[in-house]
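Q: Sequence below, structure please.
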Amino acid sequence: MNLAQPTLEDIWKLFQETDRKFQETDRKFQETDRKFQETDKKIKQVTENIGRLSNKLGDFIEEMVHPAAVRLFQERGIDVHEVHRNVSSTRHGEGIEVDLLVVNDTDIIAIECKSTLSIDDVNDHLERLEKLKRLLPAYSNKQVMGAVTAMVIPENVAQYAYRQGLYVIGQTGNQLVVRNDLKFNAKIW
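A: Reported below is the predicted structural model:
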């Protein structure tokens, strides 16, 4: 069998075919990259929209709890009479934001409102309660208690909040209730 050596023309054709395939692969790669960038942009838009929706649901929860807050805690024997919304302060480079503050002359209940409550949300609120008197010194002579509320409160999260000394406010039927049993003792900060 005689194997012929490739000619210069054969090599040139092979080079052109390889170059054509490389350019086609490069074009496909650029098209795929463009599609990935478009997909990434759409994912970012959806994430932003979900974030805005979550914030709106949190605002909705605040709107529900605000008018009921005084009643809820008066039913628990805490004679509160004022509700303040979106209280914030920044001091010495440290900040705090509280969704709702329910107060009287001696007590404050700081309420965190979420669409869906998580253990991280409970932990964040506990940290907030630790610094409340320092960053809101007008309340430094009051007993501070905490509460959490949400549209969705998983049972394990409600139990965790309870064990941390927080009131848990939830929906039952057509009204809001404090879900803690009557044996509950709130943590005082």
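Q: where exactly do the strands run in this structure?
A: Secondary structure of the chain by DSSP state E: the strands cover 82-91, 94-103, 107-116, 143-152, 167-172, 175-178.
Q: export these to JSON lines and tack on distance to Val65, mean pLDDT and mean neighbour count?
A: C-beta coordinates here come from the backbone N, C-alpha and C atoms, glycine included. As requested, the strands of the chain are exported to JSON lines (distance: least, Cβ to Cβ, whole Å; pLDDT from 0 to 100; neighbours: other Cβ atoms under 10 Å):
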{"stretch": "strand 82-91", "distance to Val65": "9", "mean pLDDT": "94", "mean neighbour count": "14"}
{"stretch": "strand 94-103", "distance to Val65": "6", "mean pLDDT": "96", "mean neighbour count": "19"}
{"stretch": "strand 107-116", "distance to Val65": "6", "mean pLDDT": "95", "mean neighbour count": "23"}
{"stretch": "strand 143-152", "distance to Val65": "5", "mean pLDDT": "96", "mean neighbour count": "22"}
{"stretch": "strand 167-172", "distance to Val65": "6", "mean pLDDT": "93", "mean neighbour count": "19"}
{"stretch": "strand 175-178", "distance to Val65": "6", "mean pLDDT": "92", "mean neighbour count": "15"}
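Q: Out of these, flag the one nearest Leu14.
A: Nearest to Leu14 among those is strand 107-116 (61.8 Å), distances taken as Cβ to Cβ.
Q: Just give the strands next to that closest one in its sheet, each with its orientation.
A: Sheet pairing for strand 107-116, assigned by DSSP bridges, gives strand 94-103 (antiparallel), strand 143-152 (parallel).
Q: The last one: how far from the chain's middle?
A: Mean C-alpha position of strand 143-152 versus that of the full chain (Cα atoms, centre = their mean, to the nearest Å) differs by 15 Å.
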